[in-house]
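>>> Build me a model from this:
(one chain, ligands or ions: 2)
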Amino acid sequence: MKYDVKLCELVRTAEIAADTYDFTVRAPELAAAAKPGQFAHIYVPGRTLRRPISICDIDRENGTLRFVFQIRGAGTADLAKFKVGDSLDILAPLGNGFSVEPGKKALFVGGGIGVPPLLGAAKHYGENAVVAVGFRSADYAILTEDFKAAGCAVRVATDDGSLGHHGLVTDLIRDVQPDIICACGPMVMLRAVAAYAKENGIRCEISLEERMACGIGACLGCAVELYDEKGEIYMGHVCKDGPVFAAERVVL
Ligand SMILES: Cc1cc2nc3c(=O)[nH]c(=O)nc-3n(C[C@H](O)[C@H](O)[C@H](O)COP(=O)(O)OP(=O)(O)OC[C@H]3O[C@@H](n4cnc5c(N)ncnc54)[C@H](O)[C@@H]3O)c2cc1C
Ligand code: FES
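Residues are numbered from 1 along each chain as shown. Ligands and ions are numbered 1, 2, ... in the order given. Sure, this is the predicted structure:
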C-alpha cells in the first residue's frame, strides 16, 4: 500500500502512565490502509525530522488511529503538548507490520515503550494470544487492560517488583508453546526472545527501532545488518524492510 501525508484531527488525548501519552486521531484513509505493526512519521512543528511512532491500534469503523508514546526528548515533549482539536501532520502507514494468522497460537513479548505496536496484532488473536509485557515499574505499565479486553492472557513483569513478576519479562514465556512469537522492546530483550524461539523451533518476528530521517527508504539513515538467504550479511533498512523482521534474518 502507498503511504500518504494527512492532516489528522486529534480526537482523544490521555496521559496513561509516567511521561506516556495516548493519542487518537481521525484518519479514515490511513486507518483503512494500515496494518498492525506499521508506523507513522509524525511532524512536530519546529523540528526538521519527523518522529517515528508505531500505530498502536487501528479502528476502521470509526476511522481512527491510536498512538502511545513516551517523552524521550524535545520532539516527543512538544508532541505531548498537542490538545484535542489540534491537527497532526502524519505520514503513514509506513513499514511492513506483523504477520497475523488467526487460529494460530501467538505469544507477544513487549518491553517498555515497545509494547504499543503489539496491541493491534494481539487483538486479531484474542484468546489465542498470551501477552507478556515488562516495564521498569508499575508507574510505566501501559495497555495491560487493553490486551485483557481483547481476550488475551496477560502476564506482567517489572524490574522493581512493583507490579506482577519481579524480574524479566522473558521469565514469563517458557511454558507457552506458541506457533509464532511477536516481540518489540529493548535489544537485550529481543536477543533473548529470538534465542528462545530458535532453541525451540518457534517462528519469531521482532520489531526494531532505529533512528530515522526520511522513513521511506530514501536516505539510508536507518541501516541495519541483515542475513540474506545464503547467510551473508547485507545492509537493510528498518523503515522500508521492517520495522518487523523474521528474527533469524537480523544480525542481533
Ligand atoms: C519504527 C519505530 C517505531 C517507534 N514507535 C514508538 C512508539 O510507539 N512509542 C514511542 O514512545 N516511541 C516510539 N519510537 C521511538 C521514538 O521515535 C523516539 O522516542 C522519538 O523519535 C524521540 O524523539 P525526541 O525528539 O523526543 O528525542 P530526541 O532524542 O531529541 O530526538 C533526536 C532525533 O533522534 C531520533 N530518535 C531518538 N530516539 C529515537 C528512537 N528510539 N528511535 C528512532 N529515532 C529516535 C528522533 O526521531 C530525532 O530525529 C519508535 C521508533 C521507531 C523507529
Ligand atoms: S529513515 Fe531514511 S532510509 Fe530509513
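>>> okay, CA-based contacts and neighbour counts for the rest of this
OK.
>>> Strands of the stretch 51-200 of the chain, residue ranges please.
Taking DSSP state E, counting those that start in this stretch as the criterion, the stretch 51-200 of the chain carries its strands at 51-54, 57-59, 64-70, 87-94, 106-111, 129-135, 153-158, 165-166, 180-184.
>>> Output the ones you listed as JSON lines; include the columns mean pLDDT and distance to Glu210.
Listed next are the strands of the stretch 51-200 of the chain as JSON lines, based on pLDDT from 0 to 100; distance: least, CA to CA, whole Å:
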{"stretch": "strand 51-54", "mean pLDDT": "98", "distance to Glu210": "9"}
{"stretch": "strand 57-59", "mean pLDDT": "98", "distance to Glu210": "21"}
{"stretch": "strand 64-70", "mean pLDDT": "98", "distance to Glu210": "15"}
{"stretch": "strand 87-94", "mean pLDDT": "98", "distance to Glu210": "14"}
{"stretch": "strand 106-111", "mean pLDDT": "98", "distance to Glu210": "16"}
{"stretch": "strand 129-135", "mean pLDDT": "98", "distance to Glu210": "20"}
{"stretch": "strand 153-158", "mean pLDDT": "98", "distance to Glu210": "24"}
{"stretch": "strand 165-166", "mean pLDDT": "98", "distance to Glu210": "29"}
{"stretch": "strand 180-184", "mean pLDDT": "98", "distance to Glu210": "12"}
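>>> Tabulate those strands in CSV, adding columns for mean neighbour count and distance to ligand 1.
Shown next, in CSV, are these (neighbours: other CA atoms under 10 Å; distance: least, CA to the nearest ligand atom, whole Å):
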stretch, mean neighbour count, distance to ligand 1
strand 51-54, 24, 4
strand 57-59, 23, 10
strand 64-70, 23, 3
strand 87-94, 22, 8
strand 106-111, 27, 11
strand 129-135, 28, 13
strand 153-158, 20, 18
strand 165-166, 16, 23
strand 180-184, 26, 10
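>>> Spit out the contact partners of the most centrally placed residue in the chain.
Of all residues in the chain, the one closest to the mean position by CA atoms, centre = their mean is Pro117, 2.3 Å from it. The neighbours of Pro117, taking CA atoms under 8 Å, 6 or more residues apart in numbering as the test, are Pro36, Gly37, Gln38, Ser54, Ile55, Cys56, Asp57, Cys184.
>>> Test my guess that Arg47 contacts Gly73.
No - using CA atoms under 8 Å, Arg47 makes no contact with Gly73, being 11.6 Å away.
>>> Spell out which parts of the stretch 101-250 of the chain neighbour ligand 2.
Residues of the stretch 101-250 of the chain lying close to ligand 2 (CA under 6 Å from any ligand atom) are 212-222, 237-239.
>>> what's the lowest-pLDDT member of these?
Among these, Leu220 carries the weakest pLDDT, at 85.
>>> Tell me, how many residues neighbour Ala218?
Neighbours of Ala218 under the rule other CA atoms under 10 Å: 12.
>>> ugh, wrong one, I meant Cys204
24.
>>> Assign a three-state SS to it, would you?
strand (DSSP: H, G, I helix; E, B strand; the rest coil).
>>> residues contacting it?
So Cys204 contacts Ile180, Ile181, Cys182, Ala183, Ala194, Ala197, Ala246, Ala247, Glu248 (CA under 8 Å, 6+ apart).
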